[in-house]
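K.L.:
Model the following, please.
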Amino acid sequence: MSSTVTASTAALPVAWWRRKGKAPRGADQPEAMLLWRDPEAGPQLVAAHRGRSGLMLSADASLLSKEAGEVFTESAPARSYSDVAYLQVDEGGPTYEQLVQLLEGAPPAASMLGDLEGSAQSALEVPVPAAALGPEPVRSSPTSPPVISDAARESVPLPDGRVYRPRPVCDTTDVQLLRQARGSLFTRIVGASGNGKTMLAEAAFGEDLIVVEGHGDLAVDDLVGKWIPREDGPGYRFAYGPLAEAMRHGKVLLIDDLTRAPSDTINVLMGPADDRRLLVIDALPDEPVLHAADGFHIVVTYNQTGVGVRPLDAAILRRFPLQLEATTDYGLVAELGVDSRLVRVGRLLAARAEAAGQIGRRAGWAPQTDHLLKAQTALDMGMGVQVAASMLLAACPEPQHQPEVLDVLIEVFGPTVGPLVQQELQ
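P.N.:
As a prediction, this is how the structure comes out:
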């Protein structure tokens, strides 16, 4: 069903439409748009996308669906949109002065987009008139939203003084999910660096956690154990490695950055992570096979892309059936006191990256939690927004994505931001 609205130019501050239902899975189609006309720049629009981090706004044309190609005629935005249930004139959006800038001035500055966010949120939340939707489709009985107890949401203190804020996953939290999986469903936590993968495991298992850092020189002996000189006299003794220790005492082994370890080292996990939970230690031929004690568990973390990253084969992946993706929670970042402008940079870049992935292009880069917290540290130290913005630009590891990052930084902070460069003495 399509809806068409005509209006006189005088009664047209800002128009917006709201999609009927959800956009098709995998399609790069926004759920709502704000539309206006700029006499110099032509049609101007802001798309509201729903992503993992909530509502995201973007004025990047590459993120907009084909429906946005002819949003305005010379007289009015009369347009028939497919799959759009609602199109209206929003008189409660920009102020009169802002409207004059939108319609008569240059293309709006980045600060103007923030002023329109309330209208975009309304476009996603205002109930759609029943007449516009047609007959109500037959649906199954709705289920109540999952209820997570206050106790499960409480911050978990870590030994070094930091705290971890559990995040919702299905009808539980990430911390509870890992604890529930212990001993039965070995777990992989994937995601970009700086999103708290290690902190999550620390919060879930506390003092029961044994941590190993994956790297190119990690050997089998580093996990299993080896013979070392005795401290109390001549001779040698066998020192069990972290994998064997976790198995002997029913502890949780965390291997950080598993995909950076050599394949031969990763393969030693095949036996311990198998249903039999056993390990043959070649250096101890006279001892029986080591069987894992109750409570033994393995958690691995890794990035799926990057320099020095090795893909995991199907045999290893099968032994780690529970996968949890660690993402940046921009709402949480804001609650932690990060400047709203830094958070906005993160949201905009995340929206671009997500939309690029949906249409089959290589996703761009977006700052992770740690990047934003460190940029906020620069602000807290009085270094100013130029330094904080430059840190986000420098955090982008791939040169081909840095121009896009710089564009967003300039959009949010203005044209003075960029890389830090020493100047000539005057």
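
K.L.:
now residue 410, nearest residue through space, not along the chain?
P.N.:
Leaving aside its chain neighbours, residue 410 sits nearest to residue 417 (6.1 Å; criterion: Cβ to Cβ, 6 or more residues apart in numbering). The C-beta positions use only the backbone N, C-alpha and C, and glycine is treated the same way.

K.L.:
confidence score at the one you found?
P.N.:
If you check residue 417, the pLDDT there is 93.

K.L.:
In this structure it contacts residue 387, no?
P.N.:
No - at 9.4 Å, residue 417 does not count as touching residue 387 under the criterion of Cβ atoms under 8 Å.

K.L.:
Of these two, which one has the most company?
P.N.:
Per other Cβ atoms under 10 Å, whichever of residue 417 and residue 387 has more neighbours is residue 417, with 20 against 15.

K.L.:
what's near enough to touch the more buried one?
P.N.:
385, 386, 389, 390, 393, 406, 409, 410 (Cβ atoms under 8 Å, 6 or more residues apart in numbering).

K.L.:
Mark which of these are buried, thanks.
P.N.:
385, 386, 389, 390, 393, 406, 409 (16 or more other Cβ atoms under 10 Å).

K.L.:
right, and out of those, which lies closest to residue 295?
P.N.:
Nearest to residue 295, judged by Cβ to Cβ, of the buried ones among the contacts of residue 417 is residue 393 at 45.3 Å.

K.L.:
OK, contacts around the closest one?
P.N.:
Contacts of residue 393 by Cβ under 8 Å, 6+ apart are 402, 405, 406, 409, 417, 418, 419.

K.L.:
Show me the two of the buried ones among the contacts of residue 417 that sit farthest apart.
P.N.:
Using Cβ to Cβ, the buried ones among the contacts of residue 417 reach their maximum pairwise distance at 385 and 406, which is 14.2 Å.

K.L.:
before we move on, back to that, which one among the buried ones among the contacts of residue 417 gets closest to residue 354?
P.N.:
Among the buried ones among the contacts of residue 417, residue 409 lies closest to residue 354 (Cβ to Cβ), at 18.8 Å.

K.L.:
Do me a favour and average the pLDDT over the host helix or strand of that closest one.
P.N.:
Following DSSP states H and E, one finds residue 409 within helix 402-413. Mean per-residue pLDDT for helix 402-413: 93.

K.L.:
Ok, stretch 189-200 next?
P.N.:
90.

K.L.:
swap in stretch 386-394?
P.N.:
For stretch 386-394, the per-residue pLDDT averages 96.

K.L.:
Need the phi and psi values for residue 324.
P.N.:
phi -120, psi 130 (degrees, to the nearest 10).

K.L.:
What about the nearest residue to residue 167 once chain neighbours are set aside, how many residues nearby?
P.N.:
Closest residue in space to residue 167, ignoring its immediate chain neighbours: residue 174 at 5.1 Å, by Cβ to Cβ, 6+ apart. Applying other Cβ under 10 Å, we find 22 residues neighbouring residue 174.

K.L.:
likewise residue 325?
P.N.:
14.

K.L.:
bridging residues for it?
P.N.:
Going by DSSP bridges, residue 325 is paired in beta bridges with residue 190.

K.L.:
show me what contacts it?
P.N.:
Counting by Cβ under 8 Å, 6+ apart, residue 325 has contacts 189, 190, 191.

K.L.:
surely the second one meets residue 303?
P.N.:
When you say that, I think you mean residue 190. Yes - with contact defined as Cβ under 8 Å, residue 190 counts as touching residue 303 (7.3 Å).

K.L.:
Where do the helices of the stretch 251-400 of the chain begin and end?
P.N.:
263-266, 314-319, 330-335, 340-358, 369-380, 385-395 (DSSP state H, counting those that start in this stretch).
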